[in-house]
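Chemist: Here's a sequence, model it:
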Amino acid sequence: MDQYKIIQVKESVFADNDREADRVRQQLKGQGTFLLNLMSSPGSGKTTTLLRTVEGLKDQLRIGVMEADIDSDVDAAAMAGAGVRSIQLHTGGMCHLDAGMTEQGLQELGTEDLDLVVLENVGNLVCPAEFDTGAVKNAMILSVPEGHDKPLKYPLIFTVCDALIINKIDVLPYFDFDMDKVVEYAHRRNPNLKIFPISAKSGLGVDAWRQWLLEETRAWKES
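Modeler: Next up is the predicted model:
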């Protein structure tokens, strides 16, 4: 009979990344800089939401943005056009950022004089949720056209996020999207998840989201 070994895996394959992420957080803490990791699927309105967010906070916070994508610099150009310090991170085909890649971006951006840095992660509901980037908080965007069943299909991202932005509520009459159910499903994954229904296009509901982010940034700085 063939002999074989049984190996007990006692340490997460993500352990090295997790340790680096903790180190990134400690460095940011020393500077008083809050890092938000913003995730979503493509087409959810991530950049438009971010522009709306920055629009209402740039007079109260010093903000920088890191735009991650497989290619192109469209998003970074949009943020720079809004008067925000921004850089584009190309992942070379990878569908996520890890702590090491985030740290490289932070070094290039320069964070010593920033209160808030937003990492707009690669558009994907799976891979980005698996890697701790070193962010203080994670947020995600789910748009109405994507459907209210996404917390059932992609549980991890709802579990690791602190805030859920439900975007494009202005088109609710045209889609079979049940707001009560998405809230129920999301809270089933994460009872502490803060939920913000918004329309990034019109600005409806964005104030509540901005206020939450402002309070979290100030609390991190003062703690």
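
Chemist: What residues sit buried inside the helix or strand of the chain with the lowest mean pLDDT?
Modeler: Ranked by mean pLDDT, DSSP states H and E, the weakest helix or strand in the chain is helix 74-81, scoring a mean of 79. Residues of helix 74-81 classed as buried: 75, 76, 78, 79, 80 (neighbour count, 16 or more other CB atoms under 10 Å). Using the backbone N, CA and C atoms, a C-beta is placed for each residue, glycine as well.

Chemist: List the residues that contact the fourth one.
Modeler: By that I understand residue 79. Neighbour list for residue 79: 47, 50, 51, 54, 65, 67, 86 [criterion: CB atoms under 8 Å, 6 or more residues apart in numbering].

Chemist: again, but for the second one
Modeler: The contact partners of residue 76, by CB under 8 Å, 6+ apart, come to 65, 67, 86, 87, 88.

Chemist: which secondary structure element contains the third one?
Modeler: So the one you mean is residue 86. Assigning secondary structure by DSSP states H and E places residue 86 in strand 85-90.

Chemist: Next, the angle helix 74-81 makes with that strand.
Modeler: 170 degrees (axes from the mean of the first three to the mean of the last three CA atoms, to 10 degrees).

Chemist: on that earlier part again, is it possible to get a markdown table of the contacts of residue 79 that adds secondary structure, pLDDT and neighbour count?
Modeler: Listed next are the contacts of residue 79 as a markdown table, based on DSSP: H, G, I helix; E, B strand; the rest coil; pLDDT from 0 to 100; neighbours: other CB atoms under 10 Å:
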| residue | secondary structure | pLDDT | neighbour count |
| --- | --- | --- | --- |
| 47 | helix | 89 | 20 |
| 50 | helix | 94 | 25 |
| 51 | helix | 93 | 18 |
| 54 | helix | 93 | 21 |
| 65 | strand | 93 | 29 |
| 67 | strand | 88 | 27 |
| 86 | strand | 89 | 24 |
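
Chemist: what's the closest of the residues you listed to residue 27?
Modeler: residue 65 (18.7 Å; CB to CB).

Chemist: Would you mind pulling up the elements that the helix or strand containing residue 180 packs against?
Modeler: Using DSSP H and E, residue 180 falls within helix 179-189. Counting contacts by 3 or more CB pairs under 8 Å, 6 or more residues apart in numbering; DSSP states H and E, helix 179-189 packs against helix 150-153, helix 155-160, strand 163-167, strand 194-197.

Chemist: Need the winner for burial among those.
Modeler: A comparison of those by mean neighbour count, using mean count of other CB atoms under 10 Å, puts strand 163-167 on top with a mean of 25.

Chemist: Give me the helices and strands touching it, please.
Modeler: strand 137-143, helix 179-189, strand 194-197, helix 206-222.

Chemist: Mind checking these for the one nearest to residue 36?
Modeler: strand 137-143 (5.6 Å).

Chemist: The most centrally placed residue in the chain pairs with what?
Modeler: Most central in the chain under CA atoms, centre = their mean is residue 38, positioned 1.5 Å from the mean C-alpha point. Residue 38 has these beta-bridge partners by DSSP bridges: residue 120, residue 139.
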